[in-house]
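**Q** This is a predicted model, with the sequence first.
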Amino acid sequence: MTAVAAVNSKTHGIWGRISDLMWRKPGLLVATLLSLPILWLGIIYLGSLFTLLLQSFYSIDEFSGMIRREFTLKTYGELLSPANFDIILRTFLMACAVTISAAFIAFPIAYYAARYARGRLKALFYLAVMLPLWSSYLVKIYAWKLILAKEGIVNWLVSELGLSFLLNALLSVPVIGGNSLSVSYVGTYLVLLYVWLPFMILPVQAALERVPTNLIEASRDLGGTQRQTLRIVIIPLAMPGIIAGSIFTFSLTLGDFIVPQIIGTSRRFIGQAVYAHQGTAGNIPLAAAFAVVPIVIMTIYLWVAKRQGALDAL
Amino acid sequence: MPFLPCWGLPGSGKTTCLRLISGFERPTSGEIRIFDKVFNEVPPNRRPVNTVFQDYALFPHLDVRDNVAYGPMVRGIGRQQRHAEADRMLELVKLGGLGRRSPAQLSGGQRQRVALARALINKPRVLLLDEPLGALDLKLREQMQEELKSLQETVGITFVFVTHDQGEALSMSDYIAVINNGRVVQYGSPQQVYDLPRTRFVAGFVGSSNLVPPELSEQVGAASRWHSLRPETISLVAAERAQISGRLHSVRYLGSMQRVQVRVGVHSIDAVLPASIQLPEHGSRIHLGWPGNALNPLEDDA
């Protein structure tokens, strides 16, 4: 008995005492572990977000170019001017197009990976999806610029196949067309689709893996065709993954300013507008107001998704 | 309208057997016949067969009524009519009024009944049940066995029922198929399978028969081959009428009965005797007898 008591009462330094304290008060342990991340999130993320919001309610003095630190909605009003509103609409439509296309392209790939690929094939799938994410974003985009240029491989391939008339027809469509793919909206769209596709494939694949096989079999057993099974069972159950993926592709497209800078027309997207207004133009309030737009769009999107019950199965 | 349990050890091929009938596995050879029609080339959705899955496989995103109405829905039957049909089926399985619940809000037994209603609404010729009672606790399982049996008599279709629980198989069936290594080793009525097991596997599997090896069979004057001998057919007899004698090795008290193990040389024989019988001390010699037809000859296992 005494020996046991001796072991227990032996002082074991400051760390020992701290460890004892943590054991007695588990709340303290959690607080210690979380304090750093919470400080980081609180100050760096929420703080800068709040500053951004604040800035967007200031305005710029048209004569002196100085920021007037008085609350006003004047800057938001400027967003509605035809030139600025075009930027917002253009970015929004591009994000919609990229997201919808990404969902359609990602689903079959993710379905194959989740249902049929096994072992080595599955590893290969992950590698193929992730590999582009491991190389520099800029390098990929410049590579695409070369691929899509008039002297590029796409043009060459199309003309070798004798399909130049198709590409020319596409490029002569007003608005989305242009001199070559690399200076048209089609090009911007293709490259955005390429860079954000992995962010759609991975969550959809994860969601599809969680759909139990026996539900698919139950549907077939009860008389459902493969199409009906896909429509009534598989897609609704994979919806959380599709929503998660679309949040990625949609918000990443809304905020991107490098792809449209390098590939596409000279007409701006939201990201480019933010970049230009906070830089050379020195119009921080307008830049901030532009930056709030994707946040608002994403909030509305999430709210609609939640109301539709798409997030219930998360 | 038979009730056919397929019964074997886990991994013996029972589930594969069901999956062959329902069409989720394709036979490498042979034919799948359902009421004399060959169904090898027909996909699952066009077979007159429905399955109650082991873990019920209810669609979590549909409510109970839509789960039951799934079959009529994919056949293109209008909402009102299929919901009315579904409600009727839910009444049949005594779940009337729970149609608007989600499957997650139901107990295990209720889910099982939803799965049953969902399969029966399609009016299959054959209903396949893959260990449907395995996930239920003992009391619920016994209650569901009764209900399944009476339901089967009400709807009058063939139930093929996979289980590894011999009590379940014996009490619920009109016919039993015992499966081992993917083969049906014995097919017959529960009494036949219980009283006259054909092979050592079946004998060992049905309850707890004594397996009498050839040399012991010779000692008691039977042919030199394996026999099965049910412990409850054995009784204590006087020395001059004994078929076999041995030393009393152990006694286990089972309430109304006692299970007695007797050593005969290197072999041992179990007997189940009424608890009222007074037994001599452990290690003393006792004499056993049984009716002439109790010793059942076994075929060699394939």
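**A** Everything's here; your move. Numbers count the residues shown, from 1 in each chain, chains lettered A, B, ... in the order given.
**Q** Over to residue A:86: give its phi and psi.
**A** The phi and psi values for residue A:86, taken as degrees, to the nearest 10, are phi -60, psi -40.
**Q** For the longest strand seen in chain B, buried residues please.
**A** Criterion DSSP state E: the longest strand present in chain B is strand B:244-253. Under the neighbour-count criterion of 16 or more other C-beta atoms under 10 Å in any protein chain shown, strand B:244-253 has B:244, B:246, B:248 buried. In this view, the C-beta of every residue, glycine as well, is placed from N, C-alpha and C.
**Q** From these, pick the one nearest residue B:194.
**A** residue B:244 (22.8 Å; C-beta to C-beta).
**Q** ok, that closest one touching residue B:264?
**A** Yes. With contact defined as C-beta atoms under 8 Å, residue B:244 reaches residue B:264; the gap is 5.8 Å.
**Q** Mind listing the shared neighbours of those two?
**A** B:216, B:219 (C-beta atoms under 8 Å, 6 or more residues apart in numbering or on different chains).
**Q** So which of the buried residues of strand B:244-253 reach chain A?
**A** Taking C-beta under 8 Å from any C-beta of the partner chain as the test, chain A is in contact with none of the buried residues of strand B:244-253.
**Q** By pLDDT, rank these and give me the bottom one.
**A** Across those, the bottom pLDDT score, 85, is held by residue B:244.
**Q** what's near enough to touch residue A:232?
**A** Residue A:232 makes contact with A:219, A:224, B:70, B:73-74, according to C-beta under 8 Å, 6+ apart.
**Q** switch the cut-off to 10 Å
**A** Counting by C-beta atoms under 10 Å, 6 or more residues apart in numbering or on different chains, residue A:232 makes contact with A:219, A:224, B:59, B:61-62, B:66, B:70, B:73-74.
**Q** ditto for residue A:78
**A** Residues near residue A:78 by C-beta under 10 Å, 6+ apart: A:59-60, A:84-85, A:283, A:285-286, A:289-290.
**Q** and residue A:267, that's in a helix?
**A** No. Under DSSP: H, G, I helix; E, B strand; the rest coil, residue A:267 falls outside any helix and is assigned coil.
**Q** picking up where we left off before, quick one: the contacts of residue A:78 as a markdown table, columns for neighbour count and distance to chain B too.
**A** Below are the contacts of residue A:78 laid out as a markdown table (neighbours: other C-beta atoms under 10 Å in any protein chain shown; distance: C-beta to the nearest C-beta, whole Å):
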| residue | neighbour count | distance to chain B |
| --- | --- | --- |
| A:59 | 22 | 49 |
| A:60 | 20 | 51 |
| A:84 | 20 | 42 |
| A:85 | 12 | 39 |
| A:283 | 21 | 48 |
| A:285 | 24 | 46 |
| A:286 | 26 | 45 |
| A:289 | 28 | 40 |
| A:290 | 28 | 39 |
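**Q** Show me the residues you listed that map onto strands.
**A** Counted as lying in strands by DSSP E, out of these, are A:59-60.
**Q** Just the ones in helices from the contacts of residue A:78, please.
**A** Of the contacts of residue A:78, the ones assigned to helices by DSSP state H are A:84-85, A:285-286, A:289-290.
**Q** quick one: the strands in chain A?
**A** Under DSSP E, chain A gives strands at A:59-60, A:67-68.
**Q** Just send these back as TSV, with distance to residue B:200 and mean pLDDT too.
**A** Formatted as TSV, these follow (distance: least, C-beta to C-beta, whole Å; pLDDT from 0 to 100):
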stretch	distance to residue B:200	mean pLDDT
strand A:59-60	94	85
strand A:67-68	94	82
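**Q** Just put those in TSV and tack on distance to residue B:37.
**A** Shown next, in TSV, are the strands of chain A (distance: least, C-beta to C-beta, whole Å):
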stretch	distance to residue B:37
strand A:59-60	81
strand A:67-68	83
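**Q** Any figure for the gap between whatever residue of the stretch 201-302 of chain B ends up closest to chain A and residue B:191?
**A** Across the stretch 201-302 of chain B, the shortest distance to chain A (C-beta to the nearest C-beta) belongs to residue B:205, at 27.6 Å. Distance of residue B:205 to residue B:191, computed by C-beta to C-beta, to the nearest Å: 16 Å.
**Q** Likewise for residue A:223?
**A** Per C-beta to C-beta, residue A:223 is found 38 Å from residue B:191.
**Q** With residue A:32 instead?
**A** The value you get for residue A:32 to residue B:191, if C-beta to C-beta is used, is 71 Å.
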